[in-house]
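> Just to be clear, the model below is a prediction. Sequence and coordinates:
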Amino acid sequence: MLKLAITFLVIGAVLALLGFGGIGGAFIGIAKILFFIAIALFVIFLVLGLLTGKGIKNAID
């Protein structure tokens, strides 16, 4: 998902440089949304992984 956000960011920047500001702004807005979704998913899975790892470690002992 982060690759997709970077792709939208690059396309938006190119469009803005070529003079298509409205479409470029929309692409950059989509890139921001995808970036924050990717960060949120990363944090959620990080917390879940840490909690699951502790549960398995305690079960083995």
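Looks like it came in fine. Residues are numbered from 1 along each chain as shown.
> going forward, measure contacts and count neighbours with C-alpha atoms only.
OK.
> the longest helix in the chain is where?
Longest among the helix segments of the chain by residue count, using DSSP state H, is helix 21-60.
> What helices and strands are in contact with that one?
Packed against helix 21-60 by the contact rule (3 or more Cα pairs under 8 Å, 6 or more residues apart in numbering; DSSP states H and E) you find helix 2-17.
> and the helix it packs on, how far out from the chain's middle?
Here helix 2-17 is found 13 Å from its chain centre; the criterion is Cα atoms, centre = their mean, to the nearest Å.
> Likewise for stretch 21-40?
The answer for stretch 21-40 is 9 Å, by Cα atoms, centre = their mean.
> related to what we said a few turns ago, pLDDT averaged over the longest helix of the chain, what's the number?
The average of the pLDDT scores along helix 21-60 is 85.
> So for it, what gets flagged as buried?
Gly24, Gly25, Phe27, Ile28, Gly29, Ile30, Ala31, Lys32, Leu34, Phe35, Ala38 (16 or more other Cα atoms under 10 Å).
> and the angle from that helix to helix 2-17?
Angle, helix 21-60 to helix 2-17, by axes from the mean of the first three to the mean of the last three Cα atoms, to 10 degrees: 160 degrees.
> thinking again about what came up before, adding distance to Gly12, write the buried residues of helix 21-60 out as JSON lines.
Below are those laid out as JSON lines (distance: Cα to Cα, whole Å):
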{"residue": "Gly24", "distance to Gly12": "4"}
{"residue": "Gly25", "distance to Gly12": "6"}
{"residue": "Phe27", "distance to Gly12": "5"}
{"residue": "Ile28", "distance to Gly12": "5"}
{"residue": "Gly29", "distance to Gly12": "9"}
{"residue": "Ile30", "distance to Gly12": "9"}
{"residue": "Ala31", "distance to Gly12": "9"}
{"residue": "Lys32", "distance to Gly12": "11"}
{"residue": "Leu34", "distance to Gly12": "14"}
{"residue": "Phe35", "distance to Gly12": "14"}
{"residue": "Ala38", "distance to Gly12": "19"}
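> nearest to Ala16, of those residues?
Gly24 (4.9 Å; Cα to Cα).
> Is that closest one in contact with Gly12, as I believe?
Yes. Using Cα atoms under 8 Å, Gly24 makes contact with Gly12 at a distance of 4.0 Å.
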